[in-house]
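*Asks:* Show me how the following folds:
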Amino acid sequence: MSQPTKTPSGATQAVLEWHEALPDDRLAHLVRDARRGLSRVLQMRLNEHGIASGHWTFLRILWKRDGLTQRELSDLAGVMEPTTFSALQAMEKLGYVTRRRKPENRKNIYVFLTEEGRALEGKLVPMAEEINVMALEGLSPEDVAAARTTLMTIIRNMARYELSIADDRRRIPSTRQLSRLIGRAATRRPDGE
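*Replies:* The predicted model follows:
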């Protein structure tokens, strides 16, 4: 029995039409849209289990490296510490993690999976693997290997470039700092512009 065909959402349809109109679009846009598509399908599937996509990122890290500090978790997830703090508060209320200090280091707060958080791995990882299989449908193993090599090279190149230009003027501002910058810029603009 075949699956009924569903009409894509407005945003999904717009992306499909965009790429039809611009088949030679820049690689950065293609990567962004591929990530967006993977993220949307992942979120739809995570919703079936009552898991927020933001929690998925932290769970994946903790399944591999339990007992990290909040700062280490922020760095590995690539998010600001206030974002990590908020997510961990919610995850603690849901019973997925506990946060505690170690007797030998009372300064840092360490994050540990609970039994419930650990058990999610058995449900969610196969689901994520299924999404990856769907995403790679129609690609040969050689195509997948070439894509992996290409993406890893891009990741390394961008990381090297970011490290080479990193200084206080070029760092990514926090959401709070960005709001202040926007507020200052808005007050400097003459009326009517």
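
*Asks:* which SSE is R101 in?
*Replies:* Here R101, judged by DSSP states H and E, is contained in strand 97-102.

*Asks:* Skipping its backbone neighbours, what lies nearest H55 in space?
*Replies:* With CB to CB, 6 or more residues apart in numbering as the criterion, H55 has its nearest non-adjacent residue at 5.5 Å, and that residue is M91. In this view, the C-beta of every residue, glycine as well, is placed from N, C-alpha and C.

*Asks:* returning to what we had before: heading toward the C-terminus, what's the first helix or strand past the strand holding R101?
*Replies:* Next along from strand 97-102, by DSSP H and E: strand 105-113.

*Asks:* packing partners for that next one?
*Replies:* Where contact means 3 or more CB pairs under 8 Å, 6 or more residues apart in numbering; DSSP states H and E, strand 105-113 is packed against helix 53-64, strand 68-69, helix 70-77, strand 97-102.

*Asks:* Now do the third one: distance to the chain's middle.
*Replies:* Going back to what we said before, that points to helix 70-77. Centroid separation for helix 70-77 versus its chain: 13 Å, with CA atoms, centre = their mean, to the nearest Å.

*Asks:* what angle do it and helix 53-64 make?
*Replies:* Angle of helix 70-77 versus helix 53-64, following axes from the mean of the first three to the mean of the last three CA atoms, to 10 degrees, is 110 degrees.

*Asks:* Would you mind measuring from H29 to L62?
*Replies:* 32 Å (CB to CB, to the nearest Å).

*Asks:* and what of F112?
*Replies:* Per CB to CB, F112 is found 8 Å from L62.

*Asks:* go on, R184?
*Replies:* Distance from R184 to L62, by CB to CB: 38 Å.

*Asks:* Look at the two and report which has more neighbours.
*Replies:* L62 (22 against 9; other CB atoms under 10 Å).

*Asks:* from what I can see that one touches V111, true?
*Replies:* Yes - in this structure, L62 is within contact of V111 by CB atoms under 8 Å, at 6.6 Å.

*Asks:* sorry, back to before: now do the shared contacts for F112 and L62.
*Replies:* Common neighbours of F112 and L62, counting by CB atoms under 8 Å, 6 or more residues apart in numbering, are V97.

*Asks:* Quick check: which element contains S164?
*Replies:* helix 141-165.

*Asks:* ok, back up a step: what angle do the strand holding R101 and helix 53-64 make?
*Replies:* Using the same axes, to 10 degrees, strand 97-102 lies at 50 degrees relative to helix 53-64.

*Asks:* Would you mind giving the domain segments of this protein?
*Replies:* Split into domains by automatic domain parsing, the chain comes to 12-137, 139-185.

*Asks:* would JSON lines of these with mean pLDDT be doable?
*Replies:* Formatted as JSON lines, the domains of the chain follow (pLDDT from 0 to 100):
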{"stretch": "domain 12-137", "mean pLDDT": "90"}
{"stretch": "domain 139-185", "mean pLDDT": "84"}
